[in-house]
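Colleague: Fold the following for me, if possible:
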Amino acid sequence: MNSTHYTYFTLAAYFDIGLLKYLFFVIVMIFYALTVAANVLLIVVICVNRSLHEPMSLFMCSLFISELYGCTMLFPMIMVQLLRDVHTIATSLCFLQIYSVHSYSTIEYLTLTVMSYDRYLAICHPLQYHTLMTNNRIATLIAVPWFYGFLIVLITISVSSSLQLCGNIIHKVYCDNYSVVKLACSNTSAFNIYGLFISFATIGIPCLIFIYTYMRILKVCFSGSKQTRHKAVTTCTPHLASVINFGIGGGFELIQSRFNMNHVPNILRILLSLYFFVIQPFFNPLMYGLKISKIRILCKSLLFAKM
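Modeller: Alright, predicted model coming up:
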């Protein structure tokens with residue numbers, strides 16, 4: 001097939017909804033504003049209250065910042081596309097969106113992995129926790145997901161952007177790397193092998209860490225005191241819920257990318273593809289804000305201080 005240098009991509013998942021596009025625009029804008037407000041609120045609460053300057057709270061703060069980064073790179077572009085009659089995106093903007101979407105998901109996943117390691121130390125090694133969790137180690141555990149996420153996705157995008165393409169139609173409401181790779185004319189076997197290696201390093205190893213840490217936590221809970229079990233449930237429930245929600249969103253995204261979904265209604269396909277990037281940034285601050293009593297109390301005091 002003949003390859004062409006495309007200056008834009010067409011996002012084919014959008015369809016004509018007439019004046020309803022203004023309603024959807026308002027809904028997306030409100031949801032975006034609520035997501036930003038929830039994450040900013042918890043970041044401010046953690047930063048201004050010294051009692052929350054603990055390792056877990058600092059990791060949560062990093063998580064909320066990554067969610068602000070992810071939703072800010074997705075929502076505004078979706079709102080612009082909703083108001084447009086021709087749903088195209090410049091090639092440079094498409095790869096920028098790919099970079100931000102994939103780096104966000106990588107940073108989010110690795111930060112959740114770091115948080116599981118933190119809970120493992122706090123519950124399984126409580127006496128050595130503060131000795132092991134030094135300031136330098138905390139800074140390293142916060143920085144590594146960001147550095148790795150930005151670097152590995154930059155390398156991946158550099159490889160995929162060099163591919164010769166035989167089409168410019170992406171069947172989604174946003175750009176993603178796998179959709180672009182599927183448009184390549186040349187043999188992508190080498191890229192697929194590279195993708196498997198990166199997937200194991202980025203997804204497989206953290207998954208093993210999740211399994212190991214929670215197996216150890218469960219073992220301590222079953223053999224420990226009632227107080228230990230209560231501490232584990234209180235601090236691990238929001239994190240475990242966040243991990244499960246992340247896994248559900250990742251599963252939807254994997255199904256969307258790898259399997260033929262033409263038999264599924266278009267609106268349902270759009271909702272499934274957005275679940276990963278829309279629900280997670282809204283779900284996490286809500287879960288942590290409601291489940292962790294200290295944060296819940298400080299949020300109330302901050303919001304209703306004047307009253």
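Colleague: which stretches of this protein form strands?
Modeller: 8-11, 88-90, 169-170 (DSSP state E).
Colleague: What residues does Thr7 make contact with?
Modeller: If you count contacts by C-beta atoms under 8 Å, 6 or more residues apart in numbering, Thr7 has them with 90-91. Heads up, the C-betas are built off the backbone N, CA and C, glycines and all.
Colleague: ok, it to Ala143 distance?
Modeller: In this view, Thr7 and Ala143 are 37 Å apart by C-beta to C-beta, to the nearest Å.
Colleague: Ok, Phe282 next?
Modeller: Going from Phe282 to Ala143 by C-beta to C-beta gives 26 Å.
Colleague: try His239
Modeller: Separation of His239 from Ala143 (C-beta to C-beta) stands at 20 Å.
Colleague: Sketch out the low-pLDDT regions of the stretch 1-150 of the chain for me.
Modeller: Scanning the stretch 1-150 of the chain for pLDDT under 70 picks out the ranges 1-4.
Colleague: repeat that with 90
Modeller: 1-8, 11-24, 27-28, 31, 37-38, 41-57, 70-88, 92, 122-132 (pLDDT under 90).
Colleague: Show me the helices in it, by range?
Modeller: Ranges of helices in the stretch 1-150 of the chain, per DSSP state H, counting those that start in this stretch, are 20-48, 55-72, 75-83, 91-124, 129-132, 135-160.
Colleague: Over to the stretch 201-307 of the chain?
Modeller: Per DSSP H, counting those that start in this stretch, the stretch 201-307 of the chain carries helices over the ranges 205-223, 226-258, 266-291, 293-303.
Colleague: out of those helices, which comes closest to Ser158?
Modeller: helix 226-258 (20.4 Å; C-beta to C-beta).
Colleague: my read: Val278 touches Ile27, true?
Modeller: No: contact criterion C-beta atoms under 8 Å: Val278 and Ile27 do not qualify, at 11.1 Å.
Colleague: ok, back up a step: ok, His239 and Ala143, which is more surrounded?
Modeller: His239 (24 against 11; other C-beta atoms under 10 Å).
Colleague: State the distance from the more buried one to Phe283.
Modeller: Distance, His239 to Phe283, by C-beta to C-beta: 12 Å.
Colleague: Show me the residue at the heart of this structure, geometrically.
Modeller: Centroid-nearest residue in the chain, with C-alpha atoms, centre = their mean: Ser105, separated by 3.7 Å.
Colleague: from memory that residue sits against Met73, does it?
Modeller: No: judged on C-beta under 8 Å, Ser105 makes no contact with Met73 at a distance of 11.1 Å.
Colleague: which residues touch Ser116?
Modeller: Residues in contact with Ser116 (C-beta under 8 Å, 6+ apart) are 209-210, 213-214, 239, 243.
Colleague: what about 7 Å?
Modeller: Counting by C-beta atoms under 7 Å, 6 or more residues apart in numbering, Ser116 makes contact with 209-210, 213-214, 239.
Colleague: For PyMOL, what selects the buried ones among those residues?
Modeller: To isolate the buried members of the contacts of Ser116 in PyMOL, using 16 or more other C-beta atoms under 10 Å:
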select buried, resi 209+210+213+214+239
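Colleague: Can you tell me which of the contacts of Ser116 lies closest to Ile17?
Modeller: The nearest member of the contacts of Ser116 to Ile17, counting by C-beta to C-beta, is His239 at 38.2 Å.
Colleague: What sits closest to the closest one if chain neighbours are left out?
Modeller: Met115 (5.4 Å; C-beta to C-beta, 6 or more residues apart in numbering).
Colleague: Would you mind confirming that the one you found makes contact with Pro238?
Modeller: No: in this structure Met115 lies outside contact range of Pro238 using C-beta atoms under 7 Å: 9.6 Å.
Colleague: quick one, which of these two is more surrounded?
Modeller: More neighbours surround Met115 than the other of Met115 and Pro238, with 24 against 21 (other C-beta under 10 Å).
Colleague: From Gln256, how far out is the residue nearest to His239?
Modeller: For Met115, the distance to Gln256 - C-beta to C-beta - is 27 Å.
Colleague: And for Gly247?
Modeller: Taken as C-beta to C-beta, the span from Gly247 to Gln256 is 15 Å.
Colleague: Neighbour count for the two, which is higher?
Modeller: Just comparing Gly247 and Gln256: by other C-beta under 10 Å the higher neighbour count belongs to Gln256, 23 against 15.
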